[in-house]
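Visitor: Mind looking at a prediction? Sequence and model below.
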Amino acid sequence: MRETSAVATEIAESDELRGGRVRLSDLGGLEVRDCEVSGLKVVDCYGSDVYLGGAFGRVVVNDIDVTAYVESELDRQCPARVLARDAETPDDYWAAWDAIEVMWQATFDRARKLPAGEVYEQVDGEWSFVETQRHLLLASDAWLGNAVLEEEAPYHPLGFPYSGMPRADSDKLGLTLEATPTLDEVLVPRLARMATMRRVVDGLTDAELDRVCGRKPAEPYPDQEYVVRRCLKVVLKEEAEHHRYAVRDLATLEANS
């Protein structure tokens, strides 16, 4: 008879399961988040509502490589994703940012129509709409304000870090993680940073894209060479991918309302 536990276990910042094998166990409801999963195998298992989300180089389901299909469907749903990924010339960066501005403006309008409080609601444990805007604020502060522009004080306190950033590192950036700002309070610095990105892409040249930045995005990032084109592409990709998550969850909130 298999033993069961009434208490769910959380394993964090550990490699104890690396290379291991889990057999004849009930993994219903198991959540794996922010983990390195290269080589992960789920074999001869059964269940329903299996969800995968993340950045995967290759995904095979029942011996069928679905990687290209998934990527093409994501590109179909979000054309700005393609523009962000494929940007090479100054005109490409301009076109990608133009598309991102347009789609976010429409999405901000949708969010403002939600019943009061729902912009703070998390869908399936993901970031709320407000938290997503705070994260994008920090991403642009780091990759644009700090790395590319080398601003004296690039980080806004309402920025929200990626989930794996140590608390000590976010404190060094002056972030107030426990803040509960309104959507409009977040959008003030968020739209200001988006306007800064607009000014940057409007003035881009090939030489500027290839310039080596004098800073890295933030202290936790590796000490290596950061080129302007790479930093701006990170901003573009963050905007496109998190917009996809945001509209996915907005659709759920709208349906529930």
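Guide: Nice, I can see it.
Visitor: Quick check: which ranges of the stretch 1-150 of the chain have low pLDDT?
Guide: Residue ranges of the stretch 1-150 of the chain with pLDDT under 70: 1-8, 24, 34.
Visitor: Show me the helices in it, by range?
Guide: Here the stretch 1-150 of the chain has its helices, by DSSP state H, counting those that start in this stretch, at 67-77, 79-86, 90-112, 129-140.
Visitor: The third one versus helix 79-86: what angle between them?
Guide: I take that to be helix 90-112. Angle of helix 90-112 versus helix 79-86, following axes from the mean of the first three to the mean of the last three CA atoms, to 10 degrees, is 140 degrees.
Visitor: CA-only coordinates of helix 90-112 in CSV, if you can.
Guide: What follows is helix 90-112, C-alpha atoms only, in CSV (Å, rounded to 0.1, in the frame of the first residue of the first chain):
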residue,chain,number,x,y,z
PRO,A,90,17.0,50.3,-36.5
ASP,A,91,13.8,50.2,-38.6
ASP,A,92,13.0,46.7,-37.2
TYR,A,93,13.3,47.9,-33.6
TRP,A,94,11.1,50.9,-34.4
ALA,A,95,8.4,48.7,-36.0
ALA,A,96,8.5,46.2,-33.1
TRP,A,97,8.1,49.0,-30.5
ASP,A,98,5.4,50.6,-32.5
ALA,A,99,3.4,47.4,-32.5
ILE,A,100,4.0,46.9,-28.8
GLU,A,101,2.8,50.4,-28.0
VAL,A,102,-0.4,49.9,-30.0
MET,A,103,-1.3,46.5,-28.4
TRP,A,104,-0.6,47.7,-24.8
GLN,A,105,-2.8,50.8,-25.2
ALA,A,106,-5.7,48.6,-26.2
THR,A,107,-5.0,46.3,-23.3
PHE,A,108,-4.8,49.1,-20.8
ASP,A,109,-8.2,50.2,-22.0
ARG,A,110,-9.5,46.6,-21.4
ALA,A,111,-8.0,46.5,-17.9
ARG,A,112,-9.6,49.8,-16.9
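Visitor: List the residues that contact P222.
Guide: P222 sits next to K216 when contact means CB atoms under 8 Å, 6 or more residues apart in numbering. All C-beta spots, glycine's among them, are computed from the backbone N, C-alpha and C.
Visitor: any idea which element it lies in?
Guide: In the assignment (DSSP states H and E), P222 maps to no helix and no strand.
Visitor: Now do it, the pLDDT please.
Guide: P222 carries a pLDDT value of 92.
Visitor: when you compare where the top helix by length along the chain runs with where helix 79-86 runs, what's the angle?
Guide: Looking across the chain with DSSP state H, the single longest helix is helix 228-256. For helix 228-256 against helix 79-86, the angle by the same axes, to 10 degrees is 160 degrees.
Visitor: From the contact counts, what lies against helix 228-256?
Guide: If you count contacts as 3 or more CB pairs under 8 Å, 6 or more residues apart in numbering; DSSP states H and E, helix 228-256 packs onto helix 79-86, helix 90-112, helix 129-140, helix 183-202, helix 206-209.
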